[in-house]
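Student: sequence unknown, structure follows:
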Ligand SMILES: [Fe+2]
Ligand SMILES: [Fe+2]
């Protein structure tokens, strides 16, 4: 039965895991993963093992979902304890790395502007040969971590990567970033690294029939899971995508910041986050609506709702080129997205710089500075993408916060007037610690934490962008409201949420100027002729 050509069922989901935790970019880079394991995962597990009732009680309150609480019942304490012990034992070098990073910070803080040469001998042993010490021009000492070298060290642990496969019957999934997966959660938990070719063979079967038996062999599916694995496949062919053969650009909103732009010549997909397919009244595009080959995937930044490994791994086999922003090698907060993707099996990953232009069939791509939204950290790996196709121009600005409207004034000549502006409006993002806390060696004072938030633009800032770039049409997107994002974005906004109030206000501003504006939800299609 398993050797007849079959398709992957459209409701099959994958969870990429690191030490059994749902993965995001900071858990792939060996420069940052140890900090998250030591300062987040272990702490959460220790807290759960000591007081599971506190976690269970906290999660009764939906407002605390997304907080530092493990979403397992008290009865799973034994399994969490086992994972805690195994992580502490097997990842001892990660704990040592975390201590070395914090010792190095202290060492650098003691420097007084004189030569850093004598300090090399005092660099914690584990980091020696992996860092260059330097001053900025105000004589503050810092270290450049040689990330590509770290990927070649034992700190890059492919053995900690695994995948879990499951069928989903709806959008409802629990929030993933604060809860590890435990033994027995899924019969199809497979110990393969993310770059494994079996993952491509499996997801190719979404559109091209293949042999489940062969894929099972590639992925090392144990015989005890053979039945669960066989249940992932069907003889029924999926819906066929409708290729675009008309004039201009067909633009399809797939939800959140994911937009597919197609001409007769080329397909471009931004920040892929694609819904699975199952019976639902909420009409949406799914994997079945994607072209068999996606020529370009554009990533705006590393946040998990934009660089979603879960979706990217499923698309990897059909992506031609993937374009990412360049990172800042001098900041531990900014691991290279190119390396994250190359090391996890993506081919043709290219970095784009601010104002760099890349030709594509029938048009071009340009990196446009994306400022703000990263708690004032030295993160450079963020870009807006200006997509020019068939004589049309679209700016995919993601969570850009127009902190300095003058930047858009400087850009106006180069960018505007636009056919369409896509802008997020997460004007009240989480506090700094929510995303970046584990990167910090020192505790973060509450006042600092609350003031340095992950804020995108509000209506006033967005209006400044509007004033300078003169778009013909505006879309407020990347609002995280599609139900298939609930496992990575906890918040569902009602009409009183500042994100809704501000985006409604901005949409009114646009309409007042006779610029069509809307906040797409679920799906949308338009043709720019
Ligand atoms: Fe973001
Ligand atoms: Fe976002």
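Tutor: Yep, that arrived. In this text, all values refer to a predicted model and were calculated from it rather than measured experimentally. Residues are numbered from 1 along each chain as shown. Ligands and ions are numbered 1, 2, ... in the order given.
Student: How about the residues of this structure by ligand 1?
Tutor: With CB under 5 Å from the ion as the criterion, the chain comes near ligand 1 at residues 303, 399. (C-beta placed from N, C-alpha, C; glycine too.)
Student: So if we follow the domain assignment, how does the chain break up?
Tutor: Each structural domain of the chain that the record assigns through the TED database is listed here as a residue range: 31-151, 158-234, 249-528.
Student: any chance of the ones you listed in TSV, with mean pLDDT too?
Tutor: Compiled in TSV, the domains of the chain are given as follows (pLDDT from 0 to 100):
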stretch	mean pLDDT
domain 31-151	96
domain 158-234	96
domain 249-528	96
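Student: just these: most buried one?
Tutor: Ranked by mean neighbour count, the domains of the chain are led by domain 249-528 with a mean of 20 (mean count of other CB atoms under 10 Å).
Student: does residue 13 sit in a helix or strand, and which one?
Tutor: Counting by DSSP states H and E, the element that carries residue 13 is strand 12-18.
Student: Can you classify residue 154 as helix, strand or coil?
Tutor: coil (DSSP: H, G, I helix; E, B strand; the rest coil).
Student: mind checking how far it is from ligand 2?
Tutor: With the distance defined as CB to the ion, to the nearest Å, residue 154 ends up 34 Å from ligand 2.
Student: Surely that residue touches residue 93?
Tutor: Yes: under the criterion of CB atoms under 8 Å, residue 154 lies in contact with residue 93, with a separation of 6.6 Å.
Student: Doesn't residue 199 lie inside a strand?
Tutor: No: using three-state DSSP, the assignment for residue 199 is helix, not a strand.
Student: In which helix or strand does the nearest residue to it once chain neighbours are set aside reside?
Tutor: Spatially, and ignoring its direct neighbours in sequence, residue 199 is nearest to residue 313 (5.6 Å; CB to CB, 6 or more residues apart in numbering). In the assignment (DSSP H and E), residue 313 maps to helix 309-315.
Student: Packing partners of the biggest helix by length in the chain?
Tutor: Under DSSP state H, the helix in the chain containing the largest number of residues is helix 92-109. For helix 92-109, the packing partners by 3 or more CB pairs under 8 Å, 6 or more residues apart in numbering; DSSP states H and E come out as helix 33-36, strand 141-145.
Student: Next, the angle from the longest one to helix 92-109.
Tutor: Same thing as strand 141-145. Regarding strand 141-145 and helix 92-109, their directions subtend 150 degrees when assessed with axes from the mean of the first three to the mean of the last three CA atoms, to 10 degrees.
Student: Pull the distance from strand 141-145 to the chain's centre.
Tutor: Taking CA atoms, centre = their mean, to the nearest Å, one finds strand 141-145 lying 26 Å from the centre of the chain it belongs to.
Student: Which one of the residues in the stretch 351-500 of the chain is closest to ligand 1?
Tutor: Proximity to ligand 1, evaluated over the stretch 351-500 of the chain using CB to the ion, is greatest for residue 399 at 3.8 Å.
Student: mind checking the SS state of that residue?
Tutor: Remark: residue 399 carries the secondary structure label coil [criterion: three-state DSSP].
Student: Which positions within stretch 4-23 qualify as buried?
Tutor: 6-23 (16 or more other CB atoms under 10 Å).
Student: Burial check on residue 236, number of neighbours?
Tutor: For residue 236, the neighbour count with other CB atoms under 10 Å is 9.
Student: helix or strand for residue 450, which one?
Tutor: Counting by DSSP H and E, residue 450 is found in helix 446-451.
Student: What is that helix packed up against?
Tutor: So helix 446-451, by 3+ CB pairs under 8 Å, 6+ apart, packs with helix 432-436.
Student: same thing but at 6 Å, please
Tutor: Using 3 or more CB pairs under 6 Å, 6 or more residues apart in numbering; DSSP states H and E as the contact criterion, no secondary-structure element is in contact with helix 446-451.
Student: what comes into contact with the helix or strand that that helix is followed by?
Tutor: Of the helices and strands lying after helix 446-451 in sequence (DSSP H and E), the nearest is helix 459-469. Defining contact as CB atoms under 6 Å, 6 or more residues apart in numbering, one finds that helix 459-469 is touched by 402, 405, 408-409, 412, 415-416, 418, 423, 502, 505-506, 509.
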